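A.B. asks: The following block contains a protein sequence and its predicted model.
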Amino acid sequence: MKILVTGGTGYIGSHTVVELLTEGHEVTILDNLSNSDKRVVDRIEAITGVRPDFEEGDIRNKDTLDKLFSDTAYDAVIHFAGLKAVGESVQKPLMYYENNIAGTVNLLKSMGEHGCKNIIFSSSATVYGTPAFVPITEECPKGTCTNPYGWTKSMIEQIMTDLCISDKEWNAVLLRYFNPIGAHESGMIGENPNGIPNNLMPYVTQVAVGRLKELGVFGNDYNTHDGTGVRDYIHVVDLAIGHVKALSKLKAGSGLSVYNLGTGQGYSVLDIVKNFEEATGVKIPYVIKPRRAGDIDECYADPSKAEKELGWKAERGIKEMCADSWRWQKNNPNGYDD
Ligand code: NAD
Ligand code: UD1
């Protein structure tokens, strides 16, 4: 298939492009490089032997989109482009609503006008808010998000739902990711956050490589087996493969589909520290800190719907996730500048 991948030089997008090219799909990446590096395209080529087309541009620019869809009859769009820093979204809500929501509406308009009505969207387990129950199935009601970033995901889901109701030619797959970590086994692409990482695994790897002194564990009084927060960490390559499998859902008449992409297994912050140390032999010093605002006790998926309907199941375990995160960080201590 001919696929347009928005945000394709980013962390999850780049891993998905690798899997798409490996399966023989033709890929164009559209990315404004606001949170990624053009050298990712060289790395993707080095891994796969195929160079994807790359267009530097913004999903908020309708002319850019119209030109892409006029030049090529894409079968589908996989839509990763978006801003994702939770704290920043609280400080700059309009920037998030404008980039993520206005950008997506622009994309959907251009797609519709050019007759490309198949889309896979990067949603998040954050739409469940404080989950009504765990493990979380897709029937779990959506909840109150704790930040504008989360609301953009929840609202975009609604926009795509309404679009599929209004016009039966649209097919949309909403993929609700749990916590992606890890990196391609080559160590050539991986997560490259700007500034001090907010998320657990990049913080751990930066402590391991000596860029940060120690990990702060945000709270040890949660209602979990060791008091620290429990999440469903999923290897980014498994997540990427989930997107390739989801392409099969973009058939006439499918309409809207929703899937959790997680492993079904929860790990606490201290479980992650222990597994990282065992997988890599590197010690992670840590201190217990107060809870972080907006965090919940536990969040993990029931991923059985994706297995049943897409034939997809996460295959990579926690040790592999830790070892692959570490290989990427060790080989690229300063990200793509190395
Ligand atoms: P990322 O920041 O690495 O990738 C996003 C990419 O989109 C970047 O390359 C950025 O330059 C690009 N981009 C942003 N705004 C753009 C615009 N207006 N026009 C064109 N390109 C633009 O993030 P990621 O971790 O790879 O996440 C990909 C998607 O998955 C995002 O939508 C994110 O919200 C969603 N998601 C991520 C996680 C996670 O934990 N990483 C969890 C759930 C959902
Ligand atoms: C966070 C976001 C979520 C977003 C996801 C991916 C919040 C409340 N949630 O999820 O909306 O989709 O990132 O970007 O911000 N932890 C530490 N020390 C750290 C970092 C994290 O103890 O330095 C703990 C957290 O308290 C949590 C766990 O590690 O228990 C995972 O945190 P994180 O990686 O930030 O992911 P989430 O909070 O699940």
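C.D. replies: Yes, it's here. Ligands and ions are numbered 1, 2, ... in the order given.
A.B. asks: got a list of contacts for stretch 165-173?
C.D. replies: 112, 117-121, 160-161, 163-164, 246, 249-259 (Cβ atoms under 8 Å, 6 or more residues apart in numbering). Heads up, the C-betas are built off the backbone N, CA and C, glycines and all.
A.B. asks: in it, what counts as buried?
C.D. replies: With burial defined by 16 or more other Cβ atoms under 10 Å, the residues of stretch 165-173 counted as buried are W170, N171, A172, V173.
A.B. asks: Tell me where the stretch 151-300 of the chain has helices.
C.D. replies: Counting by DSSP state H, counting those that start in this stretch, the stretch 151-300 of the chain has these helices, from start to end: 200-208, 236-246, 269-280.
A.B. asks: ok, now how distant is the residue in the stretch 151-300 of the chain positioned nearest to ligand 2 from T146?
C.D. replies: Across the stretch 151-300 of the chain, the shortest distance to ligand 2 (Cβ to the nearest ligand atom) belongs to G229, at 2.4 Å. G229 sits 14 Å away from T146, going by Cβ to Cβ, to the nearest Å.
A.B. asks: More neighbours: these two, which one.
C.D. replies: G229 (24 against 17; other Cβ atoms under 10 Å).
A.B. asks: Quick one, grab the pLDDT at M160.
C.D. replies: M160 is assigned 98 on the pLDDT scale.
A.B. asks: same check, this time on G253
C.D. replies: pLDDT, G253: 87.
A.B. asks: Now look at the helix or strand of the chain with the lowest mean pLDDT and say if it contacts ligand 2.
C.D. replies: Lowest on mean pLDDT, DSSP states H and E among the helices and strands of the chain sits helix 86-91, with a mean of 95. Yes - counting by Cβ under 6 Å from any ligand atom, ligand 2 is contacted by helix 86-91 at V86.
A.B. asks: Residues touching that helix, excluding its own?
C.D. replies: Outside of helix 86-91, the residues within contact range by Cβ under 8 Å, 6+ apart are L83, M95, Y96, N147, P148, Y149, G150, T152, N198, G294.
A.B. asks: which stretch of helix or strand covers the second one?
C.D. replies: Read that as M95. helix 93-96 (DSSP states H and E).
A.B. asks: Can you name the next helix or strand after that helix?
C.D. replies: Following helix 93-96 in sequence, per DSSP H and E, is helix 103-113.
A.B. asks: buried set for that following helix?
C.D. replies: Here helix 103-113 shows G103, T104, N106, L107, L108, S110, M111 as buried, counting by 16+ other Cβ under 10 Å.
A.B. asks: now it: mean pLDDT?
C.D. replies: pLDDT averaged over helix 103-113 gives 98.
A.B. asks: Just after that helix, pick out the following helix or strand.
C.D. replies: strand 118-124.
A.B. asks: OK, contacts around the closest residue to ligand 1 within the chain?
C.D. replies: Nearest to ligand 1, among the residues of the chain, is G10, at 2.0 Å (Cβ to the nearest ligand atom). Listed by Cβ under 8 Å, 6+ apart, the contact set of G10 reads D31, N35, S36, F80, A81.
A.B. asks: Filter those down to the ones in strands?
C.D. replies: Counted as lying in strands by DSSP state E, out of these, are D31.
A.B. asks: what's around the residue lying closest to I284 once chain neighbours are set aside, how many residues?
C.D. replies: Excluding the flanking residues, the one nearest I284 by Cβ to Cβ, 6 or more residues apart in numbering is V273, at 5.0 Å. If you count neighbours by other Cβ under 10 Å, V273 ends up with 22.
A.B. asks: ok, now E298?
C.D. replies: By other Cβ under 10 Å, neighbour count at E298 equals 18.
A.B. asks: Next up, the contacts around it.
C.D. replies: E298 sits next to V134, Y222, N223, T224, G229, V230, R231, G266 when contact means Cβ under 8 Å, 6+ apart.
A.B. asks: do I44 as well
C.D. replies: I44 neighbours (Cβ under 8 Å, 6+ apart): S14, V17, V18, L21, R51, P52, I189.
A.B. asks: what about burial for the contacts of stretch 165-173, which qualify?
C.D. replies: 117-121, 160, 163-164, 246, 249-250, 254, 256-259.
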